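Peer 1: Got a sequence here, can you build the structure:
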Amino acid sequence: MATDLVYKFDRPELIYQKFDHVISIGQACPSAIGIRYANMRDAAYPFDWCSCGEPNSVHNAVSDEFREFLPETMTGPFNAYKIALVHLDPKKSAKENHEIYKRRCERFVNLLNSDKTILFVHSIERYLYCPSYRNNKSISDQWYEGICKFSTFLKIKFSHLRFQIIFIDWKYRMSTENILHVHVVSQMNLLCNKLDLNDPICVMGCFKFRELIGDILKNMEFKYNNQHHSSNFYDFDDNDGKKCV
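Peer 2: Have a look, this model is predicted:
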């Protein structure tokens, strides 16, 4: 039985011809991993290694200028925007982790205020291991509406910004100028009932999905203008040669 995921890109003619940066906006880590697989991850950004708990988490964090993204006094994994910061460095103090995310947030905001062309990537892996997501189609719609809200915010707040969002999900939708939709179809033998890294089916599904994101980005055939990327998943140098983890 085949184990490959397949996808359909709606209206590929809408894709911009070039991008300066490709940046994850969740829903969780697979987007950043897929960007890395495509050799398009140039630096660390706030949504790379986290899990958004609500459809509006990205919009709420950016519209609030990340003020409460990772306060030094935060207890528990979730911040004020219902985003779980699940990959904090346990060897670093709360202050050090705060400073790391402060740099990532500032880097994100600086790009929003720049003249760069940005492709944001939002993907949802939960379909593979979360039966409630598969069985309740409205959940997918809620996440899509959250991304639409974020797109509208960017167009109003940063009217100069040239951007597109690629939304990778398991339900067919039509693409628009700013939101490009990719419909993924899963083979039945990749589905499971919970996220379990000891389950080979779960591991295979997650691996295939993250690999697929990289393939989608490479097959979009746009010109990627930023040749500054690293083979390391977590530590990256910025264009000034300074650490930008």
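
Peer 1: Which secondary structure state does H122 sit in?
Peer 2: Under DSSP: H, G, I helix; E, B strand; the rest coil, the three-state class of H122 is strand.

Peer 1: Would you check that it makes contact with I179?
Peer 2: No: the criterion here is CB atoms under 8 Å, and H122 misses it with I179 at 9.1 Å. Every C-beta, even on glycine, is put in place using the N, C-alpha and C of the backbone.

Peer 1: Quick check: neighbours shared by the two?
Peer 2: Taking CB atoms under 8 Å, 6 or more residues apart in numbering as the criterion, H122 and I179 both touch I147, I165, F167.

Peer 1: In strands, which of those residues appear?
Peer 2: Taking DSSP state E as the definition of strands, the shared contacts of H122 and I179 contribute I165, F167.

Peer 1: The host helix or strand of F153: which residues count as buried?
Peer 2: Taking DSSP states H and E as the definition, F153 sits inside helix 137-157. Using 16 or more other CB atoms under 10 Å as the test for burial, helix 137-157 gives I139, S140, W143, Y144, G146, I147, C148, K149, F150, S151, L154.

Peer 1: any idea how far the third one lies from S114?
Peer 2: Same thing as W143. Distance from W143 to S114, counting by CB to CB, to the nearest Å: 27 Å.

Peer 1: Of H122 and I179, which one has the most company?
Peer 2: Higher neighbour count among H122 and I179: H122, with 24 against 20, using other CB atoms under 10 Å.

Peer 1: returning to what we had before: in PDB, list the C-alpha atoms belonging to the helix holding F153.
Peer 2: Output of helix 137-157 as PDB, limited to C-alpha atoms (Å, rounded to 0.1, in the frame of the first residue of the first chain):
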ATOM      1  CA  LYS A 137     -14.700  19.900   9.300                       C
ATOM      2  CA  SER A 138     -15.500  23.200  11.000                       C
ATOM      3  CA  ILE A 139     -12.100  23.100  12.900                       C
ATOM      4  CA  SER A 140     -10.300  23.400   9.600                       C
ATOM      5  CA  ASP A 141     -12.500  26.300   8.600                       C
ATOM      6  CA  GLN A 142     -11.700  28.100  11.900                       C
ATOM      7  CA  TRP A 143      -8.000  27.800  11.300                       C
ATOM      8  CA  TYR A 144      -8.400  29.100   7.800                       C
ATOM      9  CA  GLU A 145     -10.500  32.100   9.100                       C
ATOM     10  CA  GLY A 146      -7.700  32.900  11.600                       C
ATOM     11  CA  ILE A 147      -5.200  33.100   8.700                       C
ATOM     12  CA  CYS A 148      -7.600  35.200   6.700                       C
ATOM     13  CA  LYS A 149      -7.800  37.600   9.700                       C
ATOM     14  CA  PHE A 150      -4.000  37.700   9.900                       C
ATOM     15  CA  SER A 151      -3.800  38.500   6.200                       C
ATOM     16  CA  THR A 152      -6.300  41.300   6.400                       C
ATOM     17  CA  PHE A 153      -4.400  42.800   9.400                       C
ATOM     18  CA  LEU A 154      -1.100  42.700   7.400                       C
ATOM     19  CA  LYS A 155      -2.700  44.500   4.400                       C
ATOM     20  CA  ILE A 156      -4.100  47.200   6.600                       C
ATOM     21  CA  LYS A 157      -1.300  47.700   9.100                       C
END
